[in-house]
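K.L.:
3D model of this:
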Amino acid sequence: MLNRFFSLITASALVLTMGGCVAPGAPSAAQPGAMEIRQGVIEQITPTTLSDNHHAGVGAVVGGLAGLGIGSLIGGGSGRDVAMVAGALGGALAGNAVQKKYDTPIPAQQIIVRVRSGVLVAVTQPTQPSLVPGERVYIEGSGEGARVVPQG
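P.N.:
Below you'll find the predicted structure:
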């Protein structure tokens, strides 16, 4: 039963790790390489920050796996199983704490663009000092993958 529990934990860790490798906003299979581009004028720019959560949870997963490995070296029988569980939990907590220490917000800007149809579109992206209100721009992509670039 305990081996099944460890197999489930290991499989879950693999799924979480591999899920982080998927590129958000990737083109669909129906339209490979397609990118939406809209034109407009910047109405407003507001400074903000972005949290870097691209690798969220990796510290806990790596720490948990390391703790599991170290725990497996201790003792034998049921004492070894307890050491493995304790090592996995302790490693996950320690790995998460270390990762949070190095997560820093990224300076960004929320850009409000009025597109040709008159609709306002808000895009939040890392700071690009060359953009100013009144400037003609392109909005490349959509959703979380959208970004504002100068037309010139």
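K.L.:
buried ones in stretch 97-117, by neighbour count?
P.N.:
Residues of stretch 97-117 classed as buried: 99, 108-109, 111-113 (neighbour count, 16 or more other Cβ atoms under 10 Å). Every residue, glycine included, has its C-beta placed from N, CA and C.
K.L.:
what do you get for stretch 76-88?
P.N.:
Under 16+ other Cβ under 10 Å, the buried positions of stretch 76-88 are 81, 83-85, 87-88.
K.L.:
coming back round to it: now tabulate the buried residues of stretch 97-117 in a markdown table and tack on distance to residue 47.
P.N.:
Formatted as a markdown table, the buried residues of stretch 97-117 follow (distance: Cβ to Cβ, whole Å):
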| residue | distance to residue 47 |
| --- | --- |
| 99 | 26 |
| 108 | 8 |
| 109 | 6 |
| 111 | 11 |
| 112 | 13 |
| 113 | 16 |
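K.L.:
what would the buried residues of stretch 76-88 look like in CSV with secondary structure?
P.N.:
Formatted as CSV, the buried residues of stretch 76-88 follow (DSSP: H, G, I helix; E, B strand; the rest coil):
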residue, secondary structure
81, helix
83, helix
84, helix
85, helix
87, helix
88, helix
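K.L.:
closest to residue 70 among the residues you listed?
P.N.:
residue 87 (5.1 Å; Cβ to Cβ).
K.L.:
quick one: that closest one from residue 95, how far?
P.N.:
12 Å (Cβ to Cβ, to the nearest Å).
K.L.:
tell me the domain boundaries of the chain?
P.N.:
Annotated domains of the chain cover 1-24+53-104, 35-51+105-152 [automatic domain parsing].
K.L.:
biggest strand in the protein by residues?
P.N.:
What stands out as the longest strand in the chain, according to DSSP state E, is strand 37-50.
K.L.:
neighbouring strands - and their directions - for that one?
P.N.:
Looking at strand 37-50 with DSSP bridges, its partner strands are strand 106-115 (antiparallel), strand 136-140 (antiparallel).
K.L.:
report the mean per-residue pLDDT for it.
P.N.:
Strand 37-50 shows a mean pLDDT of 89.
K.L.:
in it, what counts as buried?
P.N.:
Quick answer for strand 37-50 (16+ other Cβ under 10 Å): 38, 40, 42, 45.
K.L.:
about what we covered before: would you turn the strands paired with strand 37-50 into TSV with distance to residue 71 and mean pLDDT?
P.N.:
As requested, the strands paired with strand 37-50 are arranged in TSV below (distance: least, Cβ to Cβ, whole Å; pLDDT from 0 to 100):
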stretch	distance to residue 71	mean pLDDT
strand 106-115	36	90
strand 136-140	48	91
